[in-house]
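Novice: fold the following for me, if possible:
(one chain, ligands or ions: 1)
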Amino acid sequence: MSDLPRIVVVGAGIAGLCSAERLRELGFDGEIVIIGAEPTLPVHRPSLSKQFLTGELAAKDVLTAPADDLDATWRLNTSVSQLDSRRRIVHLPGGEELDYDGLIIASGVEPRRHPGGLNGHPRAAVIRTRADTRRLRQLLDGSREQVVVIGTGFIGCEVASSLRHMDHPVTVVGRASALMSNLLDSDLATRLTDLHRRNRVRLELGVKVESWAAGSARIDLLLSSGRSLSAACVIVAIGSAPAVSWLRDSGATLDNGVVCESTCHVRGMEDVVAAGDVASWPNLRFDTTPRRVEHWTNAIEMGRAAAESLLSGRESASPFTPIPRFWSEQHGLRIQAAGMPAVGTERVSLDPASTSERSLTGYLLEGELAGVIGFDRSAAVLNYAKELQNKALVTAGARPRPAQLAGRR
Ligand SMILES: Cc1cc2nc3c(=O)[nH]c(=O)nc-3n(C[C@H](O)[C@H](O)[C@H](O)COP(=O)(O)OP(=O)(O)OC[C@H]3O[C@@H](n4cnc5c(N)ncnc54)[C@H](O)[C@@H]3O)c2cc1C
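Specialist: Numbers count the residues shown, from 1 in each chain. Here you go, the predicted model:
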């Protein structure tokens, strides 16, 4: 199968890697070039806020090895500056132009920058790359001084949990009134907030950082509540933005990510597909609204689906209709979600014996189960994920493909 002699993958993350592996599994025998801005092979990012931060995993353990027979050319430490889809080339440093026959966009997301300009300060950190976590560990090394985490999303919460595990005093600051309220309903978010309090995470919620001032050893923050905090280190975890600057003026539709059709084909382009955190697509299993999903499992499955769609061509490709799955670990609690709880309009308990520690909650859309969230209910969430796979709503015309999870956890 050499209709497409060279396929270029932009983004050497897990979505890019899985798309390349799937191309080979499907018999593609042309050239595969994987271009990645980071200097390493794909990183297991979930570990960066957990076991790699706490030191339970070493630097080499967070790299994801490619399949032995991948036979790809890796261009690491290399950023694509622009895509010219008319000429079918990507622009590389030093004026180099690389042409492609098929293109897979898997450039992920970048941490959002603090509007007050905190990110550039040597005592401020973000967590997206292995180098970021390494640097944070160096900043923390030997110190038992206060650390401030700005942001109440899952990365901010996981970092706070890891820091408590390492016995650092930590304060989480955020605009929301409860932790992870962007992903959890108000009851679950309140329970998670209580769990952090019980683990002696200090919380400054419903506030924003008005201003900051830095000395050589500390950063002082003034909050909108009038309180001030002084920290040896500030971690900025205020969300992420799709890495699409290289796609400006390329003809790709950009709207909170690269907008794709249900098959992962990029809207408005030929022989270009997208996968992972950067891609926004309508999951016809649930509805027709394009959305991005920033979860590890989705990046694996979508990378594989995008490769299939690229080889099949637009006309014959199937829609990508997965059951999204997500997990997080905080203070020993395993939080898991399957499906799309956010589209649910009704909430039900699926576990009559639920306690404040363990629970299973279902989210219904028009009376049908659209998603579940479990607190320490791994087996049950997996079972419901299987049930959703068979029963969830499917928009007319969608032919769901079986979930293809490569088992990378
Ligand atoms: C700290 C942290 C913890 C997480 N924990 C969990 C978790 O517990 N559970 C969960 O489900 N998910 C978790 N996630 C999310 C999960 O890791 C992501 O969904 C997944 O890594 C996305 O993979 P990706 O390949 O789409 O993007 P990425 O992994 O971001 O890879 C994209 C790559 O493209 C590169 N790139 C960008 N622009 C260019 C360019 N112009 N040229 C060349 N290369 C470029 C980037 O440098 C990057 O290496 C976590 C994420 C982080 C950061």
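Novice: check contacts around the residue nearest the centre of the chain.
Specialist: With distances taken as Cα atoms, centre = their mean, residue 294 lies nearest the centre of the chain, 3.2 Å away. Residue 294 makes contact with 109, 240, 277, according to Cβ atoms under 8 Å, 6 or more residues apart in numbering. All C-beta spots, glycine's among them, are computed from the backbone N, C-alpha and C.
Novice: number of nearby residues for residue 313?
Specialist: 15 (other Cβ atoms under 10 Å).
Novice: typo on my end, residue 56
Specialist: 12.
Novice: ok, back up a step: most surrounded residue in the contacts of residue 294?
Specialist: That'd be residue 277 among the contacts of residue 294, by other Cβ under 10 Å, with 27 neighbours.
Novice: what's the closest non-adjacent residue to residue 345?
Specialist: Closest residue in space to residue 345, ignoring its immediate chain neighbours: residue 365 at 5.9 Å, by Cβ to Cβ, 6 or more residues apart in numbering.
Novice: thought the one you found was touching residue 342?
Specialist: No - the pair residue 365 and residue 342 fails to qualify as a contact (Cβ atoms under 8 Å) at a distance of 10.0 Å.
Novice: who has more neighbours out of the two?
Specialist: Neighbours were counted for residue 365 and for residue 342 using other Cβ under 10 Å; residue 365 has more, 19 against 15.
Novice: so what pairs up with that one in the strands?
Specialist: residue 368 (DSSP bridges).
Novice: tell me the spacing between it and residue 347.
Specialist: Note on residue 365: its distance to residue 347, by Cβ to Cβ, to the nearest Å, is 11 Å.
Novice: one more: residue 21?
Specialist: 38 Å.
Novice: neighbour count: the two, which is higher?
Specialist: Each of residue 21 and residue 347 has its neighbours counted (other Cβ under 10 Å); residue 21 has more, 21 against 15.
Novice: ok, the more buried one touching residue 68?
Specialist: No - when contacts are counted by Cβ under 8 Å, residue 21 is not listed as touching residue 68 (10.5 Å).
Novice: one step back: SS state for the residue nearest to the centre of the chain?
Specialist: Using DSSP: H, G, I helix; E, B strand; the rest coil, the structure places residue 294 in coil.
Novice: how much space separates it from the ligand?
Specialist: Using Cβ to the nearest ligand atom, to the nearest Å, we find residue 294 at a distance of 5 Å from the ligand.
Novice: next up, phi/psi of residue 266, please.
Specialist: The phi/psi pair for residue 266 (degrees, to the nearest 10) reads phi -70, psi 130.
Novice: how near is it to residue 102?
Specialist: 11 Å.
Novice: overlap in contacts of the two?
Specialist: With Cβ under 8 Å, 6+ apart as the test, residue 266 and residue 102 both reach 272-273.
Novice: ok, those two, which is more surrounded?
Specialist: residue 266 (27 against 24).
Novice: could you double-check that the more buried one sits in contact with residue 254?
Specialist: No - assessed by Cβ under 8 Å, residue 266 is found out of contact with residue 254, at 9.9 Å.
Novice: does residue 252 touch residue 266 like I think?
Specialist: Yes - Residue 252 is within contact range of residue 266, at 5.3 Å (criterion: Cβ under 8 Å).
Novice: common neighbours of these two, please.
Specialist: 105, 258-259, 272.
Novice: among the residues you listed, which lie within strands?
Specialist: 105, 258-259, 272 (DSSP state E).
Novice: for residue 155, state which of those residues is nearest.
Specialist: For those, the residue nearest residue 155 by Cβ to Cβ is residue 258; the value is 22.1 Å.
Novice: I figured the closest one hits residue 245, correct?
Specialist: No - the pair residue 258 / residue 245 is not scored as a contact, 12.0 Å apart, by Cβ under 8 Å.
Novice: settle it for me: which of those two has more neighbours?
Specialist: Of the pair residue 258 and residue 245, residue 258 is the one with more neighbours under other Cβ under 10 Å, namely 30 against 14.
Novice: now do the more buried one against residue 222, distance only.
Specialist: Residue 258 is 38 Å from residue 222, by Cβ to Cβ.
Novice: where in the stretch 251-400 of the chain is pLDDT low?
Specialist: 391-400 (pLDDT under 70).
Novice: residue of it with the smallest distance to the ligand?
Specialist: With Cβ to the nearest ligand atom, the shortest gap between the stretch 251-400 of the chain and the ligand falls at residue 276, namely 2.2 Å.
Novice: tell me who's in contact with that residue.
Specialist: Counting by Cβ under 8 Å, 6+ apart, residue 276 has contacts 11, 13-16, 106, 108, 298-299, 302-303.
Novice: next, format the residues you listed as JSON lines and append neighbour count.
Specialist: Compiled in JSON lines, the contacts of residue 276 are given as follows (neighbours: other Cβ atoms under 10 Å):
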{"residue": "11", "neighbour count": "29"}
{"residue": "13", "neighbour count": "28"}
{"residue": "14", "neighbour count": "28"}
{"residue": "15", "neighbour count": "31"}
{"residue": "16", "neighbour count": "27"}
{"residue": "106", "neighbour count": "33"}
{"residue": "108", "neighbour count": "27"}
{"residue": "298", "neighbour count": "26"}
{"residue": "299", "neighbour count": "29"}
{"residue": "302", "neighbour count": "32"}
{"residue": "303", "neighbour count": "32"}
